[in-house]
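K.L.:
sequence unknown, structure follows:
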């Protein structure tokens, strides 16, 4: 197991290095002089030249790259142009709402997706199965932002049950207040993943339910509940854990859109604001953080899968 | 009455094209429904100039936020533009981006996958680069590219192609790796066929069905991706009617004019839904092993 973890960790290094390189190149791909973009169109020529010197833009691209990478490894992602703050501290401030949103969306995906998938497989071919899978494909096809706007229209504008948009931190005020703001965003972001998870769970369960050991279990008179939950579901769980890695990626990306719809001051909204103001260091920092989280989650998923299944460890 | 029938009477009759089509349609209702819906969207996009009742871009301040009527089927938006005509016009952009991204992704993903799968020596390097590209959630990578390239339709196509290429390359690579060890490839090598000839003549036809399946999903991803980018203001320029852009503008008028949100969103959902059905259907059709049991 230790050998597997080390091997997997080592394999992550080149990927992270390439990710960081890609993010560094983002600034280089920007047409025009980065210093000119940072200062805006009205800046004087002297200030531009001074800033080029400050930023080290006159050094060779190799030197710039090594310096940027060295700083990034130490957690220094440069300074945001518009926020007058370091990129790292801006990201820290915005982390809580995004974590909350991802948590609620994961909750929706798991609580809705897993049981529906299991039941659909169990009652394969029934109206319940056909109906659930029909709803699932609609759920996958419906764009996050349209679902979010529809929810706002029904539950906030018409019924006035929930606030239209916004965010209340869990650190101040009561718990219900912050949960109230998270219900619609959580559903918006979670539904597509719930649908995906239901489809995957169903097909995994069907595979396992047709296996010999399930027939053996039934033959020796094990109760149906135990057959489904203990014999079948446990074995179907492994591929499902792998899918959770994909789901987290979708949630991280989806958070950008969902935060925008519901005015949630998280990392995703920060990214969009940074893009709107062409705040390149902030865009770089945000993209790098999101990619890093994704890589780490996938690493964790692989290690959990290996811990559960000796075949993966030896592969 | 004849007790026996001669072979002539049961002679093998090849099913006609229509018979085959009917059989596929009855066995794969998903594919049929998806195909019909997608055909409908395509017809709307192609016939847009005939179907549109108003100019999709003409602003008319006196007609702001009118509810649906005989004059404006789906009402008007915050600048007095006809929502029906804008939605019809928007289908062109969606399909244009979808087609462009699908074709480019097939070309680049296909080539990268072929080379990577057949040449183990450079496989490691190429796949690490693909892994790195896949380490970004796709919409975040697309936003990053848009941020530096600027809001233009060509940039949308570039960004979405970059995002989708690694997945296509992976699909092709896995098929190539499976095929590269078969006897017919060995035979081709032993009679001295060149590498490009082996790749394109012997190996690539085997990739066809997984590539077709993947392409329909890439198409769906591209349509959704364009709408998402435009919704976030990092996609099509503001003066081009796009479903995502319309949805973004509709947010302000949600309580007064919900039709500005409902109509383009429904069009987008139907298109993506149709493409997902087609993708699922083609997969079931081409690969019975993967069929949903």
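P.N.:
The structure has been received and is ready for your questions. These numbers were taken from a predicted model, which means no experiment stands behind them.

K.L.:
shaky segments in the chain?
P.N.:
Using chain A here. A:29-34, A:37-38, A:40-41, A:315 (pLDDT under 70).

K.L.:
try chain B instead
P.N.:
Along chain B, segments meeting pLDDT under 70 span B:1-3, B:5-12, B:287-293.

K.L.:
let's go with 80 and repeat that
P.N.:
Scanning chain B for pLDDT under 80 picks out B:1-15, B:24-28, B:51-80, B:135, B:147-148, B:150, B:286-293.

K.L.:
Where does the closest residue to chain B within the stretch 151-300 of chain A sit, in terms of helix or strand?
P.N.:
Using CB to the nearest CB, the closest approach of the stretch 151-300 of chain A to chain B is made by residue A:253 at 3.3 Å. To be clear about C-beta, it is placed using only N, CA and C from the backbone, and glycine gets the same treatment. Residue A:253 belongs to helix A:233-261 when assigned by DSSP states H and E.

K.L.:
Show me what counts as buried in the helix or strand that that helix is followed by.
P.N.:
The C-terminal neighbour of helix A:233-261 among helices and strands, as given by DSSP H and E, is helix A:267-276. Neighbour-count burial for helix A:267-276 flags A:267, A:268, A:269, A:270, A:271, A:272, A:273, A:274, A:275 (criterion: 16 or more other CB atoms under 10 Å in any protein chain shown).

K.L.:
Spell out which residues sit in contact with the residue nearest to residue B:67 when sequence neighbours are not counted, please.
P.N.:
Distance criterion CB to CB, 6 or more residues apart in numbering or on different chains; nearest residue to residue B:67, sequence neighbours excluded, is residue B:75 at 5.1 Å. Residues near residue B:75 by CB atoms under 8 Å, 6 or more residues apart in numbering or on different chains: B:65, B:66, B:67, B:68, B:69, B:83, B:257, B:259, B:260.

K.L.:
Mind listing what's buried along whatever helix or strand residue A:47 lives in?
P.N.:
Using DSSP H and E, residue A:47 sits within helix A:45-55. For helix A:45-55, a neighbour-count test (16+ other CB under 10 Å) marks A:51, A:52, A:55 as buried.

K.L.:
Could you save the residues you listed as JSON lines and add columns showing distance to chain B?
P.N.:
Output for those, formatted as JSON lines (distance: CB to the nearest CB, whole Å):
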{"residue": "A:51", "distance to chain B": "18"}
{"residue": "A:52", "distance to chain B": "18"}
{"residue": "A:55", "distance to chain B": "16"}
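
K.L.:
what sits against residue 157?
P.N.:
All of this is about chain A. Neighbouring residues of residue A:157 by CB under 8 Å, 6+ apart: A:164, B:254, B:255, B:258.

K.L.:
my bad, the chain I had in mind was chain B
P.N.:
Contacts of residue B:157 (CB under 8 Å, 6+ apart): B:97, B:100, B:101, B:104.

K.L.:
Looking at neighbours, which among those residues is most surrounded?
P.N.:
residue B:101 (28 neighbours; other CB atoms under 10 Å in any protein chain shown).

K.L.:
can you give me the helices for chain A?
P.N.:
Ranges of helices within chain A are A:2-29, A:34-39, A:45-55, A:61-73, A:87-122, A:127-141, A:144-151, A:175-209, A:212-219, A:224-226, A:233-261, A:267-276, A:280-308, A:310-314, based on DSSP state H.

K.L.:
what about the residue lying closest to residue B:104 once chain neighbours are set aside, helix or strand, and which?
P.N.:
Counting by CB to CB, 6+ apart, residue B:161 is the residue found nearest to residue B:104 once chain neighbours are left out, at 4.4 Å. For residue B:161, the element it lies in under DSSP H and E is helix B:153-180.

K.L.:
Next secondary structure after that helix?
P.N.:
Next element after helix B:153-180 (DSSP H and E): helix B:183-190.

K.L.:
Which secondary structure elements does that following helix sit against?
P.N.:
Contact here means 3 or more CB pairs under 8 Å, 6 or more residues apart in numbering or on different chains; DSSP states H and E; on that basis helix B:183-190 packs against no helix or strand.

K.L.:
residues making contact with whatever helix or strand comes next after it?
P.N.:
Counting by DSSP H and E, the element after helix B:183-190 in chain order, helix or strand, is helix B:195-197. With CB under 8 Å, 6+ apart as the test, helix B:195-197 has contacts from B:118, B:188.

K.L.:
Repeat that for stretch A:286-293.
P.N.:
With contacts defined as CB under 8 Å, 6+ apart, stretch A:286-293 is touched by A:16, A:19-20, A:23, A:26, A:72, A:77, A:87, A:91, A:252, A:267, A:270-271, A:274, B:135-137, B:140-141, B:143-144.

K.L.:
7 Å instead?
P.N.:
For stretch A:286-293, the surrounding residues in contact (CB atoms under 7 Å, 6 or more residues apart in numbering or on different chains) are A:19-20, A:23, A:72, A:77, A:91, A:252, A:267, A:270-271, A:274, B:135-137, B:140, B:144.

K.L.:
Stretch B:18-33 now?
P.N.:
B:277, B:278, B:280, B:281, B:282, B:284, B:285.

K.L.:
before we move on, what about stretch A:194-206?
P.N.:
Against stretch A:194-206 from outside (CB under 7 Å, 6+ apart): A:108-109, A:112-114, A:116-118, A:120-121, A:124, A:132-133, A:136, A:139-140, A:232-233, A:236, A:239-240, A:243, A:247, B:292-293.

K.L.:
please redo it, this time with the cut-off set to 6 Å
P.N.:
A:108-109, A:112-114, A:116-118, A:120-121, A:136, A:139-140, A:232, A:236, A:239-240, A:243, B:293 (CB atoms under 6 Å, 6 or more residues apart in numbering or on different chains).

K.L.:
If you drop the residues flanking it in sequence, what lies closest to residue 274?
P.N.:
Since no chain was named, I'll use chain A. That would be residue A:282: by CB to CB, 6+ apart, it lies 3.8 Å from residue A:274.

K.L.:
Oops, wrong one, chain B.
P.N.:
Residue B:274 sits nearest to residue B:37 (CB to CB, 6+ apart), 3.6 Å away.

K.L.:
hmm, back to that, a markdown table for the helices of chain A, including distance to residue B:92?
P.N.:
Formatted as a markdown table, the helices of chain A follow (distance: least, CB to CB, whole Å):
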| stretch | distance to residue B:92 |
| --- | --- |
| helix A:2-29 | 29 |
| helix A:34-39 | 33 |
| helix A:45-55 | 41 |
| helix A:61-73 | 41 |
| helix A:87-122 | 33 |
| helix A:127-141 | 20 |
| helix A:144-151 | 20 |
| helix A:175-209 | 26 |
| helix A:212-219 | 51 |
| helix A:224-226 | 54 |
| helix A:233-261 | 23 |
| helix A:267-276 | 26 |
| helix A:280-308 | 30 |
| helix A:310-314 | 47 |
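
K.L.:
re the thing from before, now the contacts of stretch B:18-33 in JSON lines, with distance to chain A and secondary structure?
P.N.:
Output for the contacts of stretch B:18-33, formatted as JSON lines (distance: CB to the nearest CB, whole Å; DSSP: H, G, I helix; E, B strand; the rest coil):
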{"residue": "B:277", "distance to chain A": "7", "secondary structure": "helix"}
{"residue": "B:278", "distance to chain A": "11", "secondary structure": "helix"}
{"residue": "B:280", "distance to chain A": "7", "secondary structure": "helix"}
{"residue": "B:281", "distance to chain A": "11", "secondary structure": "helix"}
{"residue": "B:282", "distance to chain A": "14", "secondary structure": "helix"}
{"residue": "B:284", "distance to chain A": "12", "secondary structure": "helix"}
{"residue": "B:285", "distance to chain A": "16", "secondary structure": "helix"}
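
K.L.:
Sounds good, over and out.
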